[in-house]
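J.: structure here, sequence nowhere to be found:
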């Protein structure tokens, strides 16, 4: 093969490679543009999601506050007193349970079952007091909901 034919063949191969290079460069530019568009779109979606979540959180907090205020205005004084006693008892029993869970003392339930009679009588008196205060009086505005009739199906 002559040098001229070899030179022509190399020139054709060079042109072919340059054409492929141009095509690949265009594809790379298009891909870069697509990636940039996707990145910008994700950023916009991220911002809108953050705004939406902030609004939802604000709405939930407002609803929670309104429920909390409404809850205490609608409860009967006896229920509020019971709730207060409940939390006081929790705070009183918490150290005993912490010690038990840390493995330092016996189970507080076992200790409670061996209480003196005087404390058990006091508990019965507290229960009787609750039953008496819960019964409806003619001046009371607190009403208990009616009981649902039991269906014939029982578990």
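T.: Structure's in. What do you need? Predicted model only: the values in this text are computed from it and were never measured. Numbering: from 1, shown residues only.
J.: max-length helix in the chain?
T.: In the chain, taking DSSP state H as the definition, the longest helix is helix 3-74.
J.: can you tell me the average pLDDT over the next helix or strand after that one?
T.: Later in the chain than helix 3-74, the nearest helix or strand by DSSP states H and E is helix 77-101. Here helix 77-101 scores 89 as its mean pLDDT.
J.: okay, now the unreliable bits of the protein?
T.: The chain contains residues with pLDDT under 70 at 70-73, 111-155.
J.: can you do 50?
T.: Scanning the chain for pLDDT under 50 picks out 136-138, 140, 152-155.
J.: got the phi/psi numbers for residue 104?
T.: Per-residue torsions, residue 104: phi -100, psi -20 (degrees, to the nearest 10).
J.: run a quick neighbour tally on residue 61.
T.: By other Cβ atoms under 10 Å, 10 other residues sit near residue 61. To be clear about C-beta, it is placed using only N, CA and C from the backbone, and glycine gets the same treatment.
J.: swap that for residue 17, please
T.: For residue 17, using other Cβ under 10 Å, the count is 10.
J.: just residue 79 next, same as before
T.: 13.
J.: please report how far it lies from residue 88.
T.: When distance is defined by Cβ to Cβ, to the nearest Å, residue 79 is 15 Å away from residue 88.
J.: sweet, I'm off.
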